[in-house]
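J.: Turn this into a structure:
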Amino acid sequence: MPNSTPNPTDSSENKRPQVEIDHSPKPAHATTGSSTTPKGRLSKTPKMAANGSHAFLWYLLSLVVIIIDQWTKWLAQTKLNFLEPVPVIEPFLNWTLAYNYGAAFSFLADQAGWQKWFFAGLALVMSLFLIGYLIKAPRKAKLLSLGLALVLGGAIGNLIDRLLHGHVIDFIHVHYADVWHYPIFNIADIGICIGVALIVIDMLFLEKKRNV
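T.: Coordinates of the predicted model:
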């Protein structure tokens, strides 16, 4: 008579649950560290390309500012008499030839002459800094490079005046009748003021967006 006693080993194996192993390929995620690209590298902001050799184009713009500045100053010297206003748009604008021996708004203009070399040296240092900074500035930061180029052209324009004449030649006289007079300025000053404004706008509104 066949033995009908159940084998305990067989019953336990039959009751053991079968676990299926998924051998399908898993997508690699940066958070798991299994990607071929390191996690830390993915989290960093890609470095923006600098102007490099493209800075030459911005140097050309600075050169245009210098040429226009020196040409208009030459016209003022040859066509105008010192401190004799020539009305252009009454009562707001005159051409008035004036000499500035100091800085902006005639600051330190009444000194013994040392201020000429002080401001010339300051302008030279600033110009060298801007020349180098234009090379390193981000290529996509067009407004920043434009502002730097305008400031560079204006700084060199006034530097030429100090070295050649010992003073800066001004001739643009904005006023309102005889009630209010703005300090007389030149094209180089316009380039510097507009350039600084563009640099500030870039710092306040555009720089953070580039770094996102």
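J.: what about the helices in the chain?
T.: Secondary structure of the chain by DSSP state H: the helices cover 8-15, 39-43, 55-79, 114-136, 142-165, 187-201, 207-210.
J.: quick one: the fifth one to helix 114-136, angle?
T.: Read it as helix 142-165. For helix 142-165 against helix 114-136, the angle by axes from the mean of the first three to the mean of the last three CA atoms, to 10 degrees is 150 degrees.
J.: okay, and the helix or strand of this structure with the least pLDDT?
T.: Least confident helix or strand, the chain: helix 39-43 with a mean of 50, by mean pLDDT, DSSP states H and E.
J.: Residue nearest the middle of the chain, spatially speaking?
T.: Centroid check for the chain by CA atoms, centre = their mean gives L144 as the closest residue, at 2.7 Å.
J.: Next, find the distance separating it from D202.
T.: Using CB to CB, to the nearest Å, L144 is found at 4 Å from D202. In this view, the C-beta of every residue, glycine as well, is placed from N, C-alpha and C.
J.: Also S127?
T.: For S127 relative to D202 (CB to CB), the value is 20 Å.
J.: cool, and I169?
T.: Applying CB to CB to I169 and D202 gives a distance of 30 Å.
J.: higher neighbour count, these two?
T.: I169 (24 against 20; other CB atoms under 10 Å).
J.: Dig out what the more buried one forms beta bridges with.
T.: Counting by DSSP bridges, I169 forms beta bridges with Y99.
J.: Can you list the buried residues in stretch 155-167?
T.: A155, I156, G157, N158, L159, I160, D161, R162, H167 (16 or more other CB atoms under 10 Å).
J.: Do I have it right that A197 meets G147?
T.: Yes. Using CB atoms under 8 Å, A197 is in contact with G147, at 7.4 Å.
J.: the more surrounded of those two?
T.: Neighbours were counted for A197 and for G147 using other CB under 10 Å; G147 has more, 26 against 12.
J.: one step back: out of the helices of the chain, which one sits most buried?
T.: Comparing those by mean neighbour count (mean count of other CB atoms under 10 Å), helix 142-165 ranks first with a mean of 22.
J.: Which strands and helices lie in contact with that helix?
T.: On a contact count with 3 or more CB pairs under 8 Å, 6 or more residues apart in numbering; DSSP states H and E, helix 142-165 meets helix 55-79, helix 114-136, strand 168-176, helix 187-201.
J.: Using CSV, write down the CA coordinates of it.
T.: C-alpha atoms of helix 142-165 as CSV (Å, rounded to 0.1, in the frame of the first residue of the first chain):
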residue,chain,number,x,y,z
LYS,A,142,25.3,93.4,-24.2
LEU,A,143,24.0,96.3,-22.1
LEU,A,144,26.9,96.0,-19.6
SER,A,145,29.5,95.9,-22.4
LEU,A,146,27.8,99.0,-24.0
GLY,A,147,28.0,100.9,-20.8
LEU,A,148,31.6,99.9,-20.2
ALA,A,149,32.6,101.0,-23.7
LEU,A,150,30.9,104.4,-23.3
VAL,A,151,32.6,105.0,-20.0
LEU,A,152,36.0,103.9,-21.5
GLY,A,153,35.6,106.3,-24.4
GLY,A,154,34.6,109.2,-22.2
ALA,A,155,37.4,108.6,-19.7
ILE,A,156,40.1,108.5,-22.5
GLY,A,157,38.6,111.6,-24.2
ASN,A,158,39.0,113.7,-21.0
LEU,A,159,42.4,112.1,-20.3
ILE,A,160,43.7,113.3,-23.6
ASP,A,161,42.6,116.9,-22.7
ARG,A,162,44.4,116.8,-19.4
LEU,A,163,47.6,115.5,-21.0
LEU,A,164,47.6,117.9,-23.9
HIS,A,165,46.1,121.1,-22.4
